[in-house]
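[1] I would like the atomic coordinates for the input below:
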Amino acid sequence: MGPAIIVFPDCFTSLGGNQYVNSSAIGRYADYLVEEIIPFVDREFRTLASREHRGCFGKSSGGYGAIIHGMKYTQHWGAIANHSGDAYFDFVYRADWPNTLNELAKYRRPARKAGPVKPPRANAAERALAAGLDDGRARRFLAAFHKKTKVSSAEAHAIMNLCMAATYDPDPKAPLGFRLPFHLDTGEIIDRRWRQWLEHDPVRLVSRYARNLRRLKGIYIDCGWRDQYHIHFGTRQLSRRLAAARIAHRYEEFDDDHSDVDYRMDVSLPFLYHALRP
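    Purely as a prediction, here's the structure:
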């Protein structure tokens with residue numbers, strides 16, 4: 001691999017990170033990258049200032065951002081590398097929501113009491129829960145979370161899922177600026193809300209953006225086959241859909257999980273360099 005300029009923008013938010021898309025709830029991060037960061041870097045550094053020599057790469061949420069930018073913003077990127085990027089949302093996100101609902105339940109008001117449970121009334125509060133609106137528990141959870149100096153794994157995953165909700169289903173009229181995909185009390189999936197998430201699933205977007213993907217000079221995807229978030233199932237589907245659409249790409253799997261796999265950049269960065277060099 002030869003010399004390259006590598007840029008790491010700070011895209012952390014009050015909900016942890018983001019998915020590098022535009023959201024009224026969490027920020028217009030796609031615009032930030034392509035309308036602010038790219039011109040800034042081209043102005044301040046000695047770049048080859050064209051898409052043919054500019055790549056996008058990342059891991060996990062960053063990997064998701066890379067493939068989405070390769071799909072939607074091909075006029076800015078010439079090649080992408082996606083390490084363990086979120087895909088197949090029904091596996092990656094949906095399975096973890098029961099744990100998040102239990103964490104949020106600690107902030108329910110009034111708190112639950114042992115004994116008989118009466119069926120809920122068909123009132124405004126129940127209709128709000130069925131529409132994916134927060135009844136205050138998510139707001140109280142976030143307030144408590146931001147006061148902590150150390151958080152549990154369950155708390156970290158809960159804020160991650162709230163971050164995804166803010167990314168995929170923003171609603172300026174909702175109490176928190178976004179809606180939730182599950183009924184907070186019963187755990188029932190809210191189909192209308194979940195469809196908003198699936199609109200962002202890269203597995204479902206290949207056919208829509210096939211023309212853009214074919215314009216890329218290189219697509220690299222990899223994932224560990226022991227990924228604890230089950231992302232390898234999604235990357236396999238993504239690779240197969242790319243192949244079915246006759247979109248050239250390189251897909252690799254390796255014997256590891258989701259954590260501490262930055263060493264995989266030893267493979268992806270040379271791939272990008274050779275795809276993007278003059």
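
[2] which residues are in contact with stretch 194-205?
    For stretch 194-205, the external contacting residues (CB atoms under 8 Å, 6 or more residues apart in numbering) are 19, 21, 64, 67-68, 71, 85-90, 93-94, 164, 167-169, 179, 181, 234, 237-238, 241. Glycine gets a C-beta too; all of them are placed from N, C-alpha and C.

[3] Skipping its backbone neighbours, what lies nearest residue 31 in space?
    Leaving aside its chain neighbours, residue 31 sits nearest to residue 22 (5.9 Å; criterion: CB to CB, 6 or more residues apart in numbering).

[4] which residues does residue 126 contact?
    residue 120.

[5] Could I get the pLDDT score of it?
    Note for residue 126: predicted pLDDT of 93.

[6] helix or strand for it, which one?
    Residue 126 is part of helix 124-130, with elements assigned from DSSP states H and E.

[7] Counting neighbours, which bits of that helix end up buried?
    129, 130 (16 or more other CB atoms under 10 Å).

[8] picking up where we left off before, if the residue nearest to residue 31 is in a bridge, with which residues?
    residue 28 (DSSP bridges).

[9] can you tell me how far residue 105 sits from residue 34?
    For residue 105, the distance to residue 34 (CB to CB, to the nearest Å) stands at 40 Å.

[10] ok so, going back, just the buried residues out of the contacts of stretch 194-205, in PyMOL syntax.
    Selecting only the buried entries of these in PyMOL, with 16+ other CB under 10 Å as the criterion:
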select buried, resi 19+21+64+67+68+71+85+86+87+88+89+93+94+164+167+168+169+179+181+234+237+238+241
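
[11] Take the contacts of stretch 194-205 and keep only those in helices.
    Filtering the contacts of stretch 194-205 for membership in helices, criterion DSSP state H, returns 64, 67-68, 71, 89-90, 164, 167-168, 234, 237-238, 241.

[12] counting contacts, what elements does the longest strand anywhere in the chain pack onto?
    If you go by DSSP state E, the chain has its longest strand at strand 218-224. Counting by 3 or more CB pairs under 8 Å, 6 or more residues apart in numbering; DSSP states H and E, the packing neighbours recorded for strand 218-224 are helix 61-72, strand 79-83, helix 231-244, strand 250-254, helix 265-276.
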